[in-house]
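Visitor: What would the 3D arrangement of this be:
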Amino acid sequence: MESVSSNTDAGAFSGRKKSPSVLKKVEAGDNKFVAKKILPESYRALPSSPDAEMGVLCSILLSPREVLVLCIEKIDENYFHQPAHSTIYSVLVGLWKELKPIDLITVTQALADQKLLDGVGGPAALAHLIQFIPTAANIEYYLEIVQEKFLLRSMIAVCTSAAAQCYEEQGDVKTLVDTIESNIFKISESRVSNALPEIKEQVLLAIDAIEGMHKNKGALTGLSTGFSFLDQLTDGMHASEMIVIAARPSMGKTALAMNIAEHVAIDLQKSVGIFSLEMSSQQLVQRVLCSRAKVDLKKVRDGFMGSKDMKNLSRAADALSKSKIYIDDTAGLSILELRAKARRLKDRHDLSLIIIDYLQLLRSNSKRAQDNRQIEIAEISAGIKALAKELSIPVIVLAQLNRESEKRSDGKPRISDLRESGSIEQDADLVGLLYRSAYFEKDDALRSEKEGEAELIIAKQRNGPTGEVPLTFLKEYTRFETRDYRPEESA
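Guide: Residues are numbered from 1 along each chain as shown. Presented below is the predicted three-dimensional model:
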């Protein structure tokens, strides 16, 4: 679990009194009872289980190699409420990292060498500790208790700090809400501390990943988009990636994103969160249904559908209704509001992918960005990248290109056409520029010949090559397919 100390008041753990200014505000008039509710750590003991902590430490001493590996995956020294227990655990982990034997004698000596022995109660306390339980069989139960008590203390710390900041009435309220929600989300993630890992650990993880790729030659390491050529070029969509799909209006950005969402949710049976700032959820659902069923959306709206269309729509509806797609069509979202909603969706539904349609419709809460659109877009872009990293899932964000591409004879877009800010290009791990040449063709015959041809130009890929992905755009279905697709006649 990541530490929340950087955004919480240290006094929440130490029991120190709050600053006079906070207490003065809280305890004004007859409100002392409010202070007791808001600052519980000042008046009552924090949740802890000394017995469970001793059970963990005794289990390690009884069966160090097996138990310590389990413990390191679940807790660190900060999970222990008793300072002596935290110290002993740190020394045990240190011995394990140095591949030294772990028993009562080595632990006692290590504590003595670091001048920590007296602080944990001396040799007598260690002798008592190793006799606390007869077996390490219940270690997972002890760990669960220690984790739960730590989470409760962490929640108290976050909430106490939040209440204190609310009474101080300083700074932007929406920013404060986002900070508080972010800290609570970190607690719910239950991750072990955010201490920087040693390079040795990173090398071992990298070797494991490389060996896995070697064993699974040709297999995607990321989440499939459903487009084979795109997957070959990118090796799929990867955790923490910010993927930008940009184009001029009417190129099919939303259609392409919905095709990817449909594939991930229906074919791969993963959860997808969609934030649609332009279209309503009902419009998106109708698009996805017609796209998957390969039924002309105009025919659906006019009511002129054949029997085959109805059968195809029925099959598509059945598949879509069983999928895990979650659509938020709130208009005018700020980046802080979007991040808060995304965290809740990830926590509740274990999202594998987020899609945002589209970036320039988001707002920034920053006062600094109120009169500067470039600063606002930069803050929004940075917020989306931070969201992808925080949730450790790929985030696809759609973006508008400026008019520069329309001034070129072929209309082909460039990465420099990203509208209003170069920060989007900097933050993105992958930038795909959607292009349909027929849209810009002036000759009627050539336009007809090129109708349906599309390309996704991979103009930037942080961890791979750039290139062009050939696609076919089926306008009547608002659907993209691989270039060799030939649509069937509808009945």
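Visitor: tally of neighbours for Ser409?
Guide: Counted with other CB atoms under 10 Å, the neighbours of Ser409 add up to 7. C-beta here means a position set from N, CA and C on the backbone, and glycine is covered the same way.
Visitor: Look at it and give its secondary structure.
Guide: coil (DSSP: H, G, I helix; E, B strand; the rest coil).
Visitor: Could you check the pLDDT of it?
Guide: Note for Ser409: predicted pLDDT of 72.
Visitor: in which helix or strand would I find Ala342?
Guide: Per DSSP states H and E, Ala342 falls inside helix 335-349.
Visitor: Can you pull the domain assignment for this structure?
Guide: If you go by automatic domain parsing, the domain ranges for the chain are 1-193, 220-482.
Visitor: Asp328 contacts Phe275, doesn't it?
Guide: Yes. Taking contacts as CB atoms under 8 Å, Asp328 lies within contact range of Phe275: 5.1 Å.
Visitor: Give me the more crowded residue out of the two.
Guide: Per other CB under 10 Å, whichever of Asp328 and Phe275 has more neighbours is Phe275, with 24 against 17.
Visitor: how close does that one get to Glu169?
Guide: Computed as CB to CB, to the nearest Å, the Phe275 to Glu169 distance reads 31 Å.
Visitor: could you pull out the strands for this structure?
Guide: For the chain, the strands defined by DSSP state E cover 242-247, 271-276, 324-328, 353-357, 395-400, 430-435, 453-461, 467-474, 479-482.
Visitor: Next, show the common contact partners of Asp328 and Phe275.
Guide: Counting by CB atoms under 8 Å, 6 or more residues apart in numbering, the contacts common to Asp328 and Phe275 are Lys341.
Visitor: which regions of the stretch 51-200 of the chain lie under the pLDDT threshold?
Guide: Applying pLDDT under 70 to the stretch 51-200 of the chain picks out residues 188-200.
Visitor: now the helices for it?
Guide: 64-74, 83-97, 104-113, 122-130, 139-168, 173-189, 199-215 (DSSP state H, counting those that start in this stretch).
Visitor: elements contacting the helix holding Ala342?
Guide: helix 173-189, strand 271-276, strand 324-328, strand 353-357, helix 373-391 (3 or more CB pairs under 8 Å, 6 or more residues apart in numbering; DSSP states H and E).
Visitor: Same list (the ones you listed) but as JSON lines, adding distance to Ala428.
Guide: Output for the helices and strands packed on helix 335-349, formatted as JSON lines (distance: least, CB to CB, whole Å):
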{"stretch": "helix 173-189", "distance to Ala428": "22"}
{"stretch": "strand 271-276", "distance to Ala428": "17"}
{"stretch": "strand 324-328", "distance to Ala428": "22"}
{"stretch": "strand 353-357", "distance to Ala428": "12"}
{"stretch": "helix 373-391", "distance to Ala428": "8"}
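Visitor: Check the spacing between Leu277 and Pro249 real quick.
Guide: In terms of CB to CB, Leu277 sits 15 Å off from Pro249.
Visitor: same question, Ser154
Guide: 47 Å.
Visitor: Could you check which of these two has the larger neighbour count?
Guide: Neighbours per residue, other CB under 10 Å: of Ser154 and Pro249, the larger number sits with Ser154, 24 against 7.
Visitor: burial count for the closest residue to the more buried one other than its chain neighbours?
Guide: What sits nearest to Ser154 in space, not counting adjacent residues and going by CB to CB, 6 or more residues apart in numbering, is Ile187, at 4.9 Å. Other residues lying near Ile187 total 19 when counted by other CB under 10 Å.
Visitor: likewise Asp318?
Guide: Around Asp318 there are 9 residues (other CB under 10 Å).
Visitor: Adjust the sequence numbering to begin at 20 for everything that follows.
Guide: Got it, the first residue is 20 from now on, which makes the last one we talked about Asp337.
Visitor: Leaving out the residues flanking it, which one is nearest to Lys479?
Guide: Counting by CB to CB, 6+ apart, the residue nearest Lys479 is Val450, at 4.1 Å.
Visitor: Dihedrals phi and psi, Thr485?
Guide: The phi/psi pair for Thr485 (degrees, to the nearest 10) reads phi -90, psi 170.
Visitor: Distance check, the closest residue to it other than its chain neighbours against Asp254.
Guide: Leaving out its chain neighbours, the residue that sits closest to Thr485 by CB to CB, 6+ apart is Ile477, at 5.0 Å. From Ile477 over to Asp254 the distance is 12 Å, taken as CB to CB.
Visitor: out of the two, which sits in the busier spot?
Guide: Ile477 (19 against 16).
Visitor: contacting residues for Ile344?
Guide: Ile344 neighbours (CB under 8 Å, 6+ apart): 280, 284, 290-291, 293, 307.
Visitor: Pull the number of nearby residues for Ser78.
Guide: Neighbours of Ser78 using other CB under 10 Å come to 25.
Visitor: try Lys330
Guide: Using other CB under 10 Å, the number of residues around Lys330 comes to 13.
Visitor: hmm, back to that, report the contact partners of the residue nearest to Thr485.
Guide: Applying CB under 8 Å, 6+ apart, the residues near Ile477 are 249, 252-253, 449-451, 484-488.
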